[in-house]
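# Return atomic coordinates for the entry below.
(5 chains)
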Amino acid sequence: MEIITISKFNNNKGLNDEDEEMEDVSNNDQIVTPGELITEDTVWMRGHGTFALGNKTYSSVAGTILKVNKLLSVKPLKGRYTPETGDHIIGRVIEVGNRRWKVDIGARSDAVLLLGSVNLPGGILRRKSDTDELTMRNMLKEGDLLNCEVQSLFQDGSASLHTRSLKYGKLKNGIFLSVPRSLIIRSKNHSFVLQGNVSIILGVNGYIWIYKTPTVDNRLKTDSTASTASKLQSGVMGRQSGYQVGSGSVSLTRLEEESSWEIYSDKNDENISDAIRSNIIRYRNAIQALAHSQIGINESRINMAYEASMAYGSLGSLTEPEVMENISNDVLNGEKMRGS
Amino acid sequence: MVKLAGLSLNEQEFLTDSLKQGIRSDGRSLDQFRDVEITLGDQPGYVDVRLGKTRVAVRVSGSITKPYEDRPFEGIFTISTEIGPIAGAFFENGRPSDEEVLVSRLIEKAIKRSGALDVEGLCIVAGDKCWNIRADIHFMDFDGGFIDASCIGVITALQHFSRPEVTVSGEQVVVYSTDEREPVKLSILHVPICVTFALFNPKEKEENIKGGADGNEEAGEFAIVDATMKEEGLSNGTLTITMNKNKEICQISKSGGLPAEGLMVMDCANKAYGIVEKLTDQIKEVLKQ
Amino acid sequence: MSNKELYSPEGLRLDGRRWNELKSFTCKVNTHQTSSDGSSYVQQGNTKVMCKVNGPLEPKSKANSNNNNASITVNLNIASFSPVERRKRPKSDRRIKEMMTILEKTFSETVITKLYPRTQIIVDCYVLSQDGGILSAVANSVTLALIDAGIAMYDFVSSINVGLYNNSIPILDLNHLEEGDMSFLTLGIVGKSEKLAMMLLEEKIPFDKLETLLGIGISGAQRIKDLMDEELRKHGKLLISTAAS
Amino acid sequence: MSIIIPGDQLPVDETTLNSKKLTVGPSIYVDPLLDNQMTISNAGIFTHKEKKTKQLITVESSSKNYIPAVGDLIVGTVLGGFGEFFKVSLSNYKPPAILSYMAFENATKKNRPNLKTGSLVYARISAYDPNIDVELECFNPTTGKAEGFGELTGGTVVEVDLGFARYLMFNENNPVLEHLSKKCQFEIAIGVNGKVWIKGGDLVTTLACCQYIEQAQRLASGELEQLLKKLWKQHNI
Amino acid sequence: MELDAKIGVLNNAGGSSEVSLNGIKVVCGINGPMEARPRQELPTTCYLEVIIRPAIGNPTVREKYMEDKIKNFLNSVIIGNLYPRQVIQVNLQILEKKNNNSSYTSDSDESAATEDVLLELNCCINSAFLALVDANISIYKAFNSNIFTYTHKGSLVKDGLSEAKSRHLVVYGIKNNKVDELLYGENVGRFSEKKLFMALERGEKESMILHSKLKELSVESVKQKFVYLS
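Numbers count the residues shown, from 1 in each chain, chains lettered A, B, ... in the order given. So this is what the prediction gives:
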């Protein structure tokens, strides 16, 4: 079982092939492990996951080789979340600080959410005041979950977040689930409305929020919650039918009326029915089944896993290892059928 | 061992540059042990060891107790190694750091576990009474080399110490005062000596790990003997080898730190033996007086 | 059981191995995917060890925050049911503390800590069953778990112990009966080199045997490295085949 | 040389002390609770200087324990940058001093001094009160010029007793440096906090200078030449 | 018994001394004044940390008791307001202790141990004085400690190591070359009020004698520090 730890490769341009026929790296499924010599060719720029001595470039992680132009890097199979600007993620407030919140986003270091980067209650055009600084804990406090976006990165790689859009903000009416972030497949949209009156946010950082789809039922109520919900709903609907950049954005006037204290409420809706509750659980367990088998998670797979889980009546049985494996096999098989 | 409290970059650079050229700030060569000054106290079992500016006092004492239940035929031998702030403000009182735990484990392995003291000879009445020999190491002043100095101290103090004569008549154990009967020396089976090396890697870490291998140029790691506090603080790890004059290795400890070529360890062991021979003779000489 | 037939004249050990034969070695990675960033399970004969790595993450206290490097904290739990005779060891036991420090200092040199300034990497090791070579098994499992966590490392650390029977015959990868009866050297090497990341000898051996023991230990550890490497590649292939989008 | 220790009487009688305006230096404690009685609180060398209208009594003592005073020139180690200032260590286990980014030559909001953690600076103490942080400056505030202050590059540091550091600093023609300057070229920055920075032409010279300064403080001036010879021979310079 | 002392025996400590007296040998090392940890910080004065370690065995309540006594006493001598929010650490390591058979101890020695407390305190206090002077820490006055013993026959002796009826530790402060005030006293055994006063009176005289000896040592150490002036 000898393993050749020194492997060389040539690139497609055939720059350096003095040895026998070599593997082509771009097929992407060659695995390298730490300390392994990747190349002695100096044309490559060394990216993440590599280190170098002299002419030689070594891998520093276990993963696959990734070439972008002249940049050579090794993409680890797994690893903590590294924030990138524009990532749609979920975070948990762990500290209320001086004009900022510290938010755990599952990255190497905690992210910050500046007071200036949230929608202030009572209208977006309002300047932030000293009172806001003193009442920060009324908006978001330790333990609260947030739906947010990475606004920018600091020099050391830590993130600054913002929630300045109606689709972001504090989360309620649902449950939290964390999966290895490598399983979340980046796409242009990370929140979905699913069947069974359930919506989901797949944070790029592996944090997932499954919640009751905000309904239009309480439209009759005259308070502003109703309008928030309804407009949110319409926004979501809009996205469902072919989301386009810009179509989900909301005009300033609407923002103004919606940004009341209500968006920071701690109270769940009163009318979450048992059916919805069990649907949420079912989705949760279905996703967990996917994660159990290391299957990448996206909307269609969630739906397939959900359908596959219907074969099992009891929600509790979904957490059994065999059931989880069955569900994920069903998903993979279903995909093959469709693909062929 | 100690965090480099306040050692500026200039000093760090100066020290490593000198070491690279084989120069040490106290004028020694890289594999030269500092002169050891061993002073015996008036009382048996008290020894004061100075290794450069490092100073360690060892006090060996004995009392009669009950042996451990699982070892009825053996006496008890304990070594106490608590480093207090008298040795330097960087040592905290009553809270041993990880490094201090390593020091105490090392001294225990070097002397106790290597069987330097014949514990069976400490038994008075099997399962009932035995000698409890205790070595208290008082760390007084720190400038590197605590392990080496305390090992010399303990092994010298054990040889210097003598316990009162005891006789057993039936159930009765009689302890004679030193005036009544000549006290008895402890039986020492061999004389272990610790030699600590500080490891340096003057180049990048990559060089250390991958240098030499895969046909790259030689890695440049080197080891120096008996580092001072500053040298120890700058080093990338230590290697302690304990040997006796019979060419037995009692203990080797390289608790992490800079990865070192096997050959380098062998080289260190050879150097250590030369030092061990010299120190063993010195201890013998001191004890003769 | 004193110095009897630990090694028969035919060259067999109590468990039927030859002098240079390893205990059966199995390892797995990613065993605790929900509770850790990286995890592993290592079984060397009847020694069973599991390891979880969390991090790099925001340090739990200021003391663990270093401006230039990640700080590595190792916790070692030895289950009271793990030895043949049930025995509880307090966490403050100096032997355990020593092992934790050794592991911390070893991996601080092999993890590329400068990539993760102001962060902490927490390594939790659990010894579930003991049959010799705990430190080695733990070191191996830490290597695997760190790699599984995607933390950048210069190379593997692989570890093994080698004993000296009757002051003459070297014996590789001891079980606990053998450990109790002979002096042995525990070593950890970096990658496939001959560089010693850690080295521990706790009892007397003749000086002229040191070189032999080192040589045998190094080749044993290199073999362990291969076995771990193989498992990692197998696991990686599997991951790629399922997680592809 | 009149050496006094705590418990001694002031070697000057009261009528002399009352005759002119008196300034009391350190190591003599004026007890506000005991009618401003003066007592000797530390051991050292007593001096009594009289001028036309005023007089001064001090006890010059030496130790390793540095107490800051405004105007002192010090060699400090940068502990890191924090917002608008560096923290600088004057001696181990003491609260760090503060060195503002603006207290450098040509410093502006944009043009910030670049000092790495661990680098050495030669600075002046610009403000001190036992109850707040010590403040440093790396330029002459009247001219705005560096005048030798700022980062010390290369070389190394010797730690000496505070008394010796002051002796080197305030006796311009002291035999210690006089002898050394005849032997070799070197740069020196003396901090009254007991740190002396030295840089010779090459590494060996620097080392020899270090050893010389360190050992000179334990020798009488007559023995200096011999020490120099010994060291230079040892290093083959 | 004659006091034997050295000053400046340690390198890392700010000030140090080694004193042998009555068969006891103590090394005192003083660190500081240095930055206090938050829990030790006192806003207007310095925090004193006294650490005593016995020659044999681990510190016990006996050492804690002595630490407390010395701490209280030193607090009245050190000019604390010169060192606000700082710590002065006084380390006392007892190295040798000469009782009848020091290398051999058994459980029955406990009663003797309590008597030794005075002898050890005596040695520690004198050692602390020299170390404070060496560390250049400001003190209100000089001080020293003496021990007096009433034998069973009723005569008063200085030191006196053999069995005694009572033992008195007397510490006087010295200022302006005169005995200033009684700073600290500790007595064991049975004695009358009159006898105590007699011991104190004797203490005043002996205190000056001992002071001149300590002064001689201190002056010599200052000379050594300024040797480069010669």
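# Of all the helices and strands in chain D, which has the lowest average confidence?
Here the helix or strand of chain D ranked lowest by mean pLDDT, DSSP states H and E is helix D:14-19, holding a mean of 84.
# Give me the domain ranges for the chain.
Since no chain was named, I'll use chain A. Taking automatic domain parsing as the domain assignment, the ranges for chain A are A:15-76, A:78-171, A:172-250+A:273-340.
# My question was about chain D, not that one.
Domains of chain D are assigned by automatic domain parsing as D:2-60, D:73-152, D:156-234.
# Nearest to chain A, out of the ones you listed?
Comparison of the domains of chain D against chain A by CB to the nearest CB identifies domain D:73-152 as nearest, at 13.0 Å. For the C-beta atoms, the positions are set from N, CA and C on the backbone; glycine is no exception.
# Please see if stretch D:189-196 touches chain E.
No. Residues of stretch D:189-196 are not located near chain E by CB under 8 Å from any CB of the partner chain, the shortest gap being 11.3 Å.
# Same question for stretch D:31-48.
Yes. Among the residues of stretch D:31-48, D:31, D:39, D:41-45 lie within reach of chain E under CB under 8 Å from any CB.
# how distant is that stretch from the center of its chain?
A distance of 23 Å separates the C-alpha centroid of stretch D:31-48 from that of its chain, computed with CA atoms, centre = their mean, to the nearest Å.
# could you dump that stretch to CSV, C-alpha only?
Extracted in CSV, the C-alpha atoms of stretch D:31-48 (Å, rounded to 0.1, in the frame of the first residue of the first chain):
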residue,chain,number,x,y,z
ASP,D,31,6.9,63.8,56.2
PRO,D,32,3.8,66.0,56.0
LEU,D,33,2.3,64.3,59.0
LEU,D,34,5.3,65.0,61.2
ASP,D,35,5.6,68.8,60.7
ASN,D,36,7.6,68.3,57.5
GLN,D,37,10.3,66.5,59.4
MET,D,38,13.1,65.2,57.1
THR,D,39,14.2,61.7,57.4
ILE,D,40,16.6,59.6,55.3
SER,D,41,14.6,56.9,53.6
ASN,D,42,17.2,55.3,51.3
ALA,D,43,20.8,54.4,51.5
GLY,D,44,23.3,56.4,49.3
ILE,D,45,25.8,59.1,49.0
PHE,D,46,24.8,62.4,50.7
THR,D,47,25.6,65.7,49.1
HIS,D,48,25.0,69.2,50.3
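# For that stretch, give the mean pLDDT please.
Averaging pLDDT along stretch D:31-48 gives 90.
# which ones are touching E:Arg167?
E:115, E:118, E:147-150, E:160, E:187-189 (CB atoms under 8 Å, 6 or more residues apart in numbering or on different chains).
# sec struct for it, please.
Secondary structure state of E:Arg167, per DSSP: H, G, I helix; E, B strand; the rest coil, is strand.
# That one and E:Leu121: what is the separation?
If you measure E:Arg167 against E:Leu121 using CB to CB, to the nearest Å, the figure is 11 Å.
# Would you mind naming what in chain B lies close to chain D?
With CB under 8 Å from any CB as the criterion, chain B meets chain D at residues B:5-15, B:17-18, B:21, B:23, B:25, B:27, B:89.
# Of those residues, which are in range of chain E?
Taking CB under 8 Å from any CB as the test, chain E is in contact with B:Ala89 out of the residues of chain B next to chain D.
# Report the buried members of the residues of chain B next to chain D.
With neighbours counted by 16 or more other CB atoms under 10 Å in any protein chain shown, the residues of chain B next to chain D contain buried members at B:6-8, B:10-15, B:17-18, B:23, B:25, B:89.
# which one of those residues is nearest A:Leu194?
Lowest distance from A:Leu194 to those (CB to CB) belongs to B:Gln12, with 59.8 Å.
# Surely the closest one touches B:Leu234?
Yes. B:Gln12 is in contact with B:Leu234 according to CB atoms under 8 Å; the separation is 5.9 Å.
# Centre of the chain to the top helix by length along chain D, how far?
Assignment by DSSP state H gives helix D:203-216 as the longest helix of chain D. Computed by CA atoms, centre = their mean, the separation of helix D:203-216 from the middle of its chain amounts to 19 Å.
# Pull out the buried residues from it.
D:203-213, D:215-216.
# re the thing from before, could you save the buried ones among the residues of chain B next to chain D as CSV and add columns showing distance to chain C and pLDDT?
Putting these into CSV (distance: CB to the nearest CB, whole Å; pLDDT from 0 to 100) gives the following:
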residue, distance to chain C, pLDDT
B:Gly6, 16, 63
B:Leu7, 15, 84
B:Ser8, 16, 89
B:Asn10, 18, 92
B:Glu11, 18, 92
B:Gln12, 13, 91
B:Glu13, 16, 91
B:Phe14, 20, 93
B:Leu15, 19, 92
B:Asp17, 21, 91
B:Ser18, 24, 92
B:Ile23, 26, 91
B:Ser25, 25, 87
B:Ala89, 18, 88
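# What does residue 100 show for phi and psi?
In the absence of a named chain, this looks at chain A. phi -160, psi 160 (degrees, to the nearest 10).
# wrong chain, I was asking about chain C
As for C:Met100, its main-chain torsions (degrees, to the nearest 10) stand at phi -60, psi -40.
# cool, and the one 4 residues further on?
Recorded main-chain torsions at C:Glu104 are phi -60, psi -50, according to degrees, to the nearest 10.
# Against chain B, how distant is it?
Separation of C:Glu104 from chain B (CB to the nearest CB, to the nearest Å): 7 Å.
# same thing with A:Gly296?
From A:Gly296 across to chain B, the span is 34 Å (CB to the nearest CB).
# any chance you could map the helices in the chain?
No chain in the question, so chain A it is. A:130-134, A:136-139, A:224-240, A:252-258, A:274-292, A:299-309, A:321-339.
# switch to chain E, that's the one I care about
E:61-75, E:110-135, E:193-225.
# If we ignore the residues flanking it in sequence, what's nearest the residue nearest to the spatial centre of chain C?
With distances taken as CA atoms, centre = their mean, C:Ala139 lies nearest the centre of chain C, 2.4 Å away. Leaving aside its sequence neighbours, C:Ala139 sits nearest to C:Ser159 (CB to CB, 6 or more residues apart in numbering or on different chains; 4.0 Å).
# quick one: low-confidence parts of chain E?
Counting by pLDDT under 70, the ranges of chain E that qualify are E:1, E:98-115, E:160-162.
# Identify the single longest strand in chain D, thanks.
The residue-count maximum for a strand in chain D (DSSP state E) belongs to strand D:73-82.
# check contacts around residue 71.
I'll assume chain A. By CB under 8 Å, 6+ apart, A:Leu71 lies in contact with A:44-45, A:47.
# um, chain E though
Per CB under 8 Å, 6+ apart, neighbours of E:Lys71: E:48-50, E:90.
# what do you get for E:Leu42?
Residues counted as contacts of E:Leu42 (CB under 8 Å, 6+ apart) are E:36, E:80, E:84-85.
# Would you write a PyMOL line that selects the buried entries of those?
To isolate the buried members of the contacts of E:Leu42 in PyMOL, using 16+ other CB under 10 Å:
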select buried, chain E and resi 36+80+84+85
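# Between which two of the contacts of E:Leu42 is the distance greatest?
Going by CB to CB, the pair spanning the contacts of E:Leu42 furthest: E:Ala36 and E:Gly80, at 12.1 Å.
# OK, now which residue of chain C is nearest to chain D?
Chain C approaches chain D most closely through C:Asn67 (7.1 Å), counting by CB to the nearest CB.
# how deep is that residue tucked in, by neighbour count?
Using other CB atoms under 10 Å in any protein chain shown, C:Asn67 has 8 neighbouring residues.
# and it, what pLDDT?
Looking at C:Asn67, its pLDDT is 81.
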